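**Q** dropping a prediction and its sequence here:
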Protein chains: 2
Amino acid sequence: MRITSLVECSTRIMVRLASLQPGATLSAEKLSDLENVSRDYVDQILQRLRKGGLVASTRGAQGGYSLAKASSAISIGELVRAVEGQVFEEVCERYSSGEHECRHMSNCGIRPVWLRLGEMIEGFLDKVTLDQLTVPEPRAFAATMAFIKDFEKEGRIQHDKRR
Amino acid sequence: MRITSLVECSTRIMVRLASLQPGATLSAEKLSDLENVSRDYVDQILQRLRKGGLVASTRGAQGGYSLAKASSAISIGELVRAVEGQVFEEVCERYSSGEHECRHMSNCGIRPVWLRLGEMIEGFLDKVTLDQLTVPEPRAFAATMAFIKDFEKEGRIQHDKRR
DNA sequence: TCATACTTGATCGAATTAGTCAGGTATGCT
DNA sequence: AGCATACCTGACTAATTCGATCAAGTATGA
Ligand code: FES
Ligand code: FES
């Protein structure tokens, strides 16, 4: 299990944009230079981010990109969904057809673990916002605390009956 | 991010073995039939599990496999490490060389997020044990609670100075 | 009207994953 | 002993996904 290069590059780009003065923009070309990612790849990433509503673009000469909303309102989870479509693919969905299908489905003891893991990962990334990644003076991850509190409240993994 | 087919199949096999009576064994052939996974693939998986010290094998006619220790002493994290080598690959290690390297490394605001995510995933899977996956009468995931408690105690993501 | 820069979608090689295959070795049973 | 059963090993290959490139635009500011 890992973070893909796509997410890694996208995050670096978003952090660059987050460190911009209000009103300022950064061109795809500049971003490419700054992060040492090919221009074409940067273009592709920015396009996905734009479609996801995370960045805004200004066309024409002296154009460029900026965040579409406050960096405190953009989570890494959103970012991942924007560039990859989803944060965590559920295994029993993926293998639910064909020869080697996930066999239990109903009243299965395994499924809840993957479900819970997915919720956990997604919950975490949804709580971490862009402004928390800016350096210098990184802020403590207060939001993470809230997430963990919620997690604790629910308390246990429920075994599902084929939901 | 997802659970691979390898982990999925391995887990199903381990749950089968966990549901065995003490002293009983299950042949690779039977496991293959039960879980609808090719015999060759089952062999490969069992071999990795054996090398990881999770299952024991008896050779010869009427031979077979069984768990090497109590199902309550085997975590899903261990299982994943046995069959895939690791649970979560750290991104800033993976891309740390070559053209498109992870650029910040020292006093980076992004890195701690991936580190923390990895700790969280691994921590979770290390707390979930095989016996918790047996059906019928699945137990509540009490261990998960302990994990979350610990997580809360530490409390926040630390920004590292190039550790 | 030109240069700059965004926009779209296809394509393609590299890497990883998923699964197969061939050829063993060890053990129990008759 | 001889044979059947079943474990064991590692190489190999097909399928899929990832990472990145490429070609061919459109829109805008100077
Ligand atoms: S392992 Fe997927 S439903 Fe049980
Ligand atoms: S993004 Fe990897 S070290 Fe900063």
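**A** Cool, the structure landed. Ligands and ions are numbered 1, 2, ... in the order given.
**Q** poorly predicted segments of chain A, please.
**A** Within chain A, the set of residues satisfying pLDDT under 70 comprises A:95-106, A:135-163.
**Q** can you give me the helices for it?
**A** Using DSSP state H, the helices of chain A run over residues A:5-18, A:28-35, A:39-51, A:76-84, A:91-94, A:111-127, A:142-154.
**Q** now those helices as CSV including mean neighbour count and distance to B:Ala82?
**A** Backbone N, C-alpha and C define where each C-beta goes, glycine included. Shown next, in CSV, are these (neighbours: other CB atoms under 10 Å in any protein chain shown; distance: least, CB to CB, whole Å):
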stretch, mean neighbour count, distance to B:Ala82
helix A:5-18, 21, 27
helix A:28-35, 16, 37
helix A:39-51, 17, 36
helix A:76-84, 21, 28
helix A:91-94, 17, 18
helix A:111-127, 20, 16
helix A:142-154, 15, 27
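**Q** which stretch among those comes nearest ligand 1?
**A** Nearest to ligand 1 among these is helix A:91-94; the distance by CB to the nearest ligand atom comes to 3.4 Å.
**Q** which strands and helices sit next to the closest one?
**A** Contacts defined by 3 or more CB pairs under 8 Å, 6 or more residues apart in numbering or on different chains; DSSP states H and E place helix A:91-94 against helix A:111-127.
**Q** any idea of the angle the helix it packs on forms with helix A:76-84?
**A** 100 degrees (axes from the mean of the first three to the mean of the last three CA atoms, to 10 degrees).
**Q** how far off centre is helix A:111-127?
**A** 13 Å (CA atoms, centre = their mean, to the nearest Å).
**Q** how about stretch A:79-99?
**A** 14 Å.
**Q** can you list contacts of that stretch?
**A** A:4, A:6-7, A:10-11, A:14, A:45, A:48-49, A:51-54, A:77, A:101-102, A:105, A:108, A:111, A:114-115, A:117-118, A:121-122, A:125, A:130, B:1-3, B:5, B:7-8, B:36 (CB atoms under 8 Å, 6 or more residues apart in numbering or on different chains).
**Q** could I get the helices of chain A as JSON lines with distance to A:Gly60?
**A** Converted to JSON lines, the helices of chain A look like this (distance: least, CB to CB, whole Å):
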{"stretch": "helix A:5-18", "distance to A:Gly60": "19"}
{"stretch": "helix A:28-35", "distance to A:Gly60": "13"}
{"stretch": "helix A:39-51", "distance to A:Gly60": "16"}
{"stretch": "helix A:76-84", "distance to A:Gly60": "24"}
{"stretch": "helix A:91-94", "distance to A:Gly60": "44"}
{"stretch": "helix A:111-127", "distance to A:Gly60": "35"}
{"stretch": "helix A:142-154", "distance to A:Gly60": "37"}
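**Q** my guess is A:Phe124 contacts B:Trp114, does it?
**A** No: the criterion here is CB atoms under 8 Å, and A:Phe124 misses it with B:Trp114 at 11.2 Å.
**Q** out of the helices of chain A, which is closest to B:Leu26?
**A** Comparing those against B:Leu26 with CB to CB, the closest turns out to be helix A:111-127 (21.7 Å).
**Q** send the alpha carbons of the closest one over as CSV?
**A** Extracted in CSV, the C-alpha atoms of helix A:111-127 (Å, rounded to 0.1, in the frame of the first residue of the first chain):
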residue,chain,number,x,y,z
ARG,A,111,-15.0,-7.5,5.0
PRO,A,112,-15.5,-5.2,8.0
VAL,A,113,-11.8,-5.0,8.4
TRP,A,114,-11.2,-3.6,4.9
LEU,A,115,-14.2,-1.3,5.3
ARG,A,116,-13.0,0.0,8.6
LEU,A,117,-9.5,0.5,7.2
GLY,A,118,-10.9,2.5,4.3
GLU,A,119,-12.9,4.7,6.6
MET,A,120,-9.9,5.3,8.7
ILE,A,121,-7.7,6.3,5.9
GLU,A,122,-10.3,8.4,4.2
GLY,A,123,-11.3,10.0,7.5
PHE,A,124,-7.7,10.9,8.3
LEU,A,125,-6.9,12.4,4.9
ASP,A,126,-10.2,14.3,5.0
LYS,A,127,-9.2,16.0,8.2
